[in-house]
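Undergrad: Sequence first, predicted model second:
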Amino acid sequence: MPLTPDVMFRRSNWADAPAIEAMFARCSPESRYARFLAPLDAVPPDHLSGILGAPAKNAAWVGVVRDRPDTVLALGSWSRDGSEAELALIVEDAWQRRGIGSNLLRTIAEGAWSAGVCRLTASVLTESKHVVRMLRSVLGPTSARADGYVSHVTSDRCDDPGFAPTR
Ligand SMILES: CC(C)(COP(=O)(O)OP(=O)(O)OC[C@H]1O[C@@H](n2cnc3c(N)ncnc32)[C@H](O)[C@@H]1OP(=O)(O)O)[C@@H](O)C(=O)NCCC(=O)NCCS
């Protein structure tokens, strides 16, 4: 799905923290639960400080409306451990189903591959079939390991001879 033209992505930084918290507060309990696999009312402070404050191991992007660049409507990030990373994203409910999630996922994944990550995993609700479909459609071949109500979906390029990290 093409990205709706009034939305853009940019790398996130500490100045976005209040707008990220506000976006999360506007999300439904279902979306918040699907993102953190727990019934949270707020973004955990250690998660926020990790993705915004430790650039060697993390990277985060926000989705914003072009003419309101300080209002966050989506957040995507990865956190790495060596050549592996866990990615996650959330799109505010009012902005879902417009292609933002798929395009943000592509942006996050490209950032991770180009940073030298060769194995990317997303932990999603097993019942969220559309999320698994979106991951497969954007990341290509994936494996999925179900662990009760959570599934770990992995795209693994570590043995791909064509994989060439740029840094
Ligand atoms: C998963 C999520 C990021 C997708 O964002 P989005 O902006 O709606 O994504 P897109 O518009 O690109 O849609 C992706 C696909 O999912 C489908 N989809 C989106 N929401 C759906 C829903 N509630 N039910 C069924 N299908 C849905 C879309 O139709 C699209 O499928 P298509 O490409 O075959 O048409 C968003 O639903 C979300 O934030 N969910 C809560 C958090 C979460 O589950 N995060 C993922 C785990 S970390």
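TA: Good, I have the coordinates. None of these values were measured; they are calculated from a predicted model.

Undergrad: Now do V91, the pLDDT please.
TA: pLDDT recorded at V91 is 98.

Undergrad: so where's the protein uncertain?
TA: 1-2, 164-167 (pLDDT under 70).

Undergrad: hmm, 90 instead?
TA: Within the chain, the stretches with pLDDT under 90 are 1-5, 53-56, 69-70, 160-167.

Undergrad: Can you tell me which residues in it are near the ligand?
TA: 1, 31, 34-35, 88-91, 96-102, 122, 124, 128, 130-131, 134 (C-beta under 6 Å from any ligand atom). Every residue, glycine included, has its C-beta placed from N, CA and C.

Undergrad: give me that answer again for 5 Å
TA: The chain comes close to the ligand at residues 1, 31, 34-35, 88-91, 96-97, 99-102, 124, 130-131, 134, as judged by C-beta under 5 Å from any ligand atom.

Undergrad: These in strands, which ones?
TA: A88, L89, I90, V91, V124 (DSSP state E).

Undergrad: Please identify which two of those residues are farthest apart in space.
TA: Spatially, the most separated pair among these is V91 and V124, at 13.7 Å (C-beta to C-beta).

Undergrad: Can you spell out which helices and strands pack onto the top strand by length along the chain?
TA: Scanning the chain for the longest strand, with DSSP E as the assignment, gives strand 68-81. Using 3 or more C-beta pairs under 8 Å, 6 or more residues apart in numbering; DSSP states H and E, the elements in contact with strand 68-81 are strand 7-11, helix 17-26, helix 45-53, strand 58-65, strand 84-91, helix 100-114.
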